[in-house]
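> Return a 3D structure for these sequence lines:
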Amino acid sequence: MGPVRIEPAKLVDEAIRFQKKLAAGAEVLRKLDDVEFGCTPKEEVYREDNLVVYRFRGNREPTARVPTLIVYALVNRPYMVDLQEDKSLVRNLLAQGEDVYLIDWGYPDRADRWLTLDDYINGYIRRSVDAVARKAGVERINLLGICQGGAFSLCFSAIYPGKVANLITMVTPVDFHTPDNMLSNWTRRMDADLFVDTIGNVPADLMNWCYLTLKPMRLLQQKYIGMVDILDDKAELENFLRMEKWIFDSPDQAGEAFRQFMRDFYQGNKLVRGGLRIGDKAVDLKNITMPVLNIFAEQDHLVPPDASRALKDVVGSRDYTQIAFKGGHIGIYVSGRAQREVPPAIHDWLKARS
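Numbering: from 1, shown residues only. I've put the predicted structure just below:
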């Protein structure tokens with residue numbers, strides 16, 4: 001390998017172009033308003049404590065007779081599924097004729113320190129499902145669980161199979177002990193009791209830092225260097241800032257629920273090994289006999305594909321479908337490919353089972 005050749009003229013040209021980008025970006029930044037999220041009109045249909053259930057309104061009346069309730073994770077805000085007009089899972093499902101509802105968990109405070117998974121699954125989710133069913137005039141509804149919300153939806157569907165017509169899971173961890181699950185390997189020997197007993201609710205900033213350090217070069221350096229390339233493009237810069245706002249707008253985690261999720265899911269891997277109890281209810285995934293659609297992302301660094309694929313071997317349903325999406329954990333909601341592929345796939349699957 002020969003010596004590296006440095007051409008001064010090219011370095012100067014690059015520096016000049018970089019300075020021009022920064023100058024143009026400064027002008028664009030001065031003209032930017034606060035970026036907003038959520039593009040679809042919605043109405044409140046149920047409220048309890050910090051939780052609100054919304055029903056979304058599209059440009060047409062839904063043709064689906066069975067409503068679909070989105071159960072999002074606790075660790076991020078759910079507006080990722082309705083981020084902006086051209087990046088909205090909700091908007092595209094409505095365009096397909098689906099009747100879409102969503103649980104917004106809100107922001108836990110110190111009064112929620114003692115909330116358990118029993119409170120979330122046998123309490124909040126159960127009452128939200130019942131509220132949506134009453135609103136729609138049906139006995140059973142569809143659940144669409146995302147990430148941790150997918151794990152919650154699996155537990156709920158196993159405990160209350162008579163309330164769920166069809167179950168959809170997206171980027172949902174099932175086997176928490178696959179070798180490539182970096183987050184699980186980090187937390188496997190964590191003293192969850194000492195952690196929660198010491199700090200109570202888990203601060204959002206601490207959770208965010210853990211997720212960012214899974215890919216430190218990409219998420220803490222490269223993306224901000226790459227931001228220079230779009231500084232003079234108002235629309236692209238707004239998209240970037242909207243994503244940043246979502247990433248850092250994270251709720252704290254209720255201490256007791258975090259403790260149980262760490263011990264029983266990440267450490268005990270009880271969804272696949274068995275022995276999981278939510279309150280006084282045993283969770284046996286073989287009780288999930290309704291149709292199941294499992295969608296996972298092939299380049300997911302938070303929920304590796306094998307962690308999701310494991311669902312096929314543990315549910316009791318004879319009607320199981322899985323879809324591998326070419327993208328990452330976030331891209332499955334917001335990329336152009338996702339907008340074209342995921343909502344129609346969900347709609348076609350539901351329609352065939354209506």
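> Now do the strands in the protein.
Assigned by DSSP state E, the chain shows strands spanning 42-48, 51-56, 68-71, 100-104, 141-146, 164-170, 277-278, 281-282, 292-297, 320-325.
> pLDDT averaged over the last one - what is it?
Across strand 320-325, pLDDT averages out at 96.
> my guess is residue 347 contacts residue 96, does it?
Yes. Counting by CB atoms under 8 Å, residue 347 does reach residue 96; the two are 3.7 Å apart. For every residue, glycine as well, the C-beta is placed using N, CA and C.
> mind listing the helices for the stretch 201-350 of the chain?
For the stretch 201-350 of the chain, the helices defined by DSSP state H, counting those that start in this stretch cover 204-212, 216-217, 223-226, 234-248, 255-260, 270-273, 305-309, 331-334, 336-351.
> looking at those helices, which is closest to residue 191?
Each of those was scored for nearness to residue 191 using CB to CB, and the closest is helix 255-260 (10.5 Å).
> which residues touch that closest one?
Contact partners of helix 255-260, identified using CB atoms under 8 Å, 6 or more residues apart in numbering, comprise 74, 113-117, 119-120, 192-193, 195-196, 199-202.
> Could you list which residues are in contact with residue 331?
Neighbours of residue 331 in contact, by CB under 8 Å, 6+ apart: 297, 299, 325, 337, 338.
> Likewise for residue 342?
Per CB under 8 Å, 6+ apart, neighbours of residue 342: 89, 92, 295, 325, 332.
> again, but for residue 122
If a contact means CB under 8 Å, 6+ apart, then residue 122 has 159, 278, 279, 281 as its contacts.
> farthest pair in the residues you listed?
It's 159 and 279 that sit farthest apart of the contacts of residue 122, by CB to CB, at 9.1 Å.
> any low-confidence regions in this protein?
In the predicted model, the chain carries pLDDT under 70 at residues 1-4, 6, 11-12, 15, 18, 21-22, 24-29, 32, 35.
> ok, 80 please
Residue ranges of the chain with pLDDT under 80: 1-38, 211, 214-234, 236, 238, 243.
> show me what contacts residue 161?
Going by CB under 8 Å, 6+ apart, the list of residues near residue 161 reads 287, 288, 289, 290.
> Take the residues you listed and, keeping just the buried ones, write it as a ChimeraX select command.
The following ChimeraX line selects those of the contacts of residue 161 that are buried, judged by 16 or more other CB atoms under 10 Å:
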select :287,288,290
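> What is the nearest of the contacts of residue 161 to residue 64?
Set against residue 64, the nearest of the contacts of residue 161 by CB to CB is residue 290 (16.0 Å).
> Tell me how far that closest one lies from residue 324.
22 Å (CB to CB, to the nearest Å).
> Could you tell me which of the contacts of helix 255-260 belong to helices?
Mapping the contacts of helix 255-260 onto helices (DSSP state H) picks out 117, 192, 193, 195, 196, 199.
> Was I right to think the second one contacts residue 262?
Yes. The pair formed by residue 192 and residue 262 meets the contact definition of CB under 8 Å, at 4.2 Å.
> The two: who's more crowded?
More crowded of residue 192 and residue 262, by other CB atoms under 10 Å: residue 262, with 21 against 18.
> and the gap between that one and residue 231?
For residue 262, the distance to residue 231 equals 40 Å [CB to CB].
> now swap in residue 82 and tell me
27 Å.
> more crowded one of the two?
Ranked by neighbour count (other CB under 10 Å), residue 82 and residue 231 place residue 82 first, with 26 against 20.
> picking that back up, of all the contacts of residue 122, which comes closest to residue 178?
Among the contacts of residue 122, and counting by CB to CB, the member closest to residue 178 is residue 278, at 22.9 Å.
> so residue 81 touches residue 333, yeah?
Yes. The pair residue 81 and residue 333 qualifies as a contact (CB under 8 Å) at a distance of 5.9 Å.
> intersection of neighbour lists for these two?
Common neighbours of residue 81 and residue 333 (CB under 8 Å, 6+ apart) are residue 89.
> residues in contact with the nearest residue to residue 36 once chain neighbours are set aside?
Leaving out its chain neighbours, the residue that sits closest to residue 36 by CB to CB, 6 or more residues apart in numbering is residue 242, at 7.9 Å. Residues in contact with residue 242 (CB under 8 Å, 6+ apart) are 35, 36, 37, 83, 84.
> Could you measure from residue 242 over to residue 262?
For residue 242 relative to residue 262 (CB to CB), the value is 31 Å.
> got it, and residue 321?
From residue 321 to residue 262 the distance is 31 Å (CB to CB).
> Just confirm residue 251 contacts residue 78, I think it does.
No. Contact criterion CB under 8 Å: residue 251 and residue 78 do not qualify, at 10.4 Å.
> Check the contact lists of those two and give me the overlap.
Residues within reach of residue 251 and of residue 78 at once, by CB under 8 Å, 6+ apart, are residue 105.
> hang on, the earlier thing: tell me the one among the contacts of residue 122 nearest to residue 247.
residue 278 (29.3 Å).
> what residues are up against the closest one?
By CB under 8 Å, 6+ apart, the neighbours of residue 278 are 117, 118, 121, 122, 155, 159.
> so how many other residues sit close to the nearest residue to residue 138 once chain neighbours are set aside?
Leaving aside its sequence neighbours, residue 138 sits nearest to residue 66 (CB to CB, 6+ apart; 5.9 Å). Neighbour count for residue 66, taken as other CB under 10 Å: 19.
> same check, this time on the one 4 residues further on
Residues contacting residue 70 under the criterion other CB under 10 Å number 27.
> For the nearest residue to it once chain neighbours are set aside, give its distance to residue 68.
Spatially, and ignoring its direct neighbours in sequence, residue 70 is nearest to residue 102 (4.3 Å; CB to CB, 6+ apart). In this structure, residue 102 and residue 68 are 9 Å apart, going by CB to CB.
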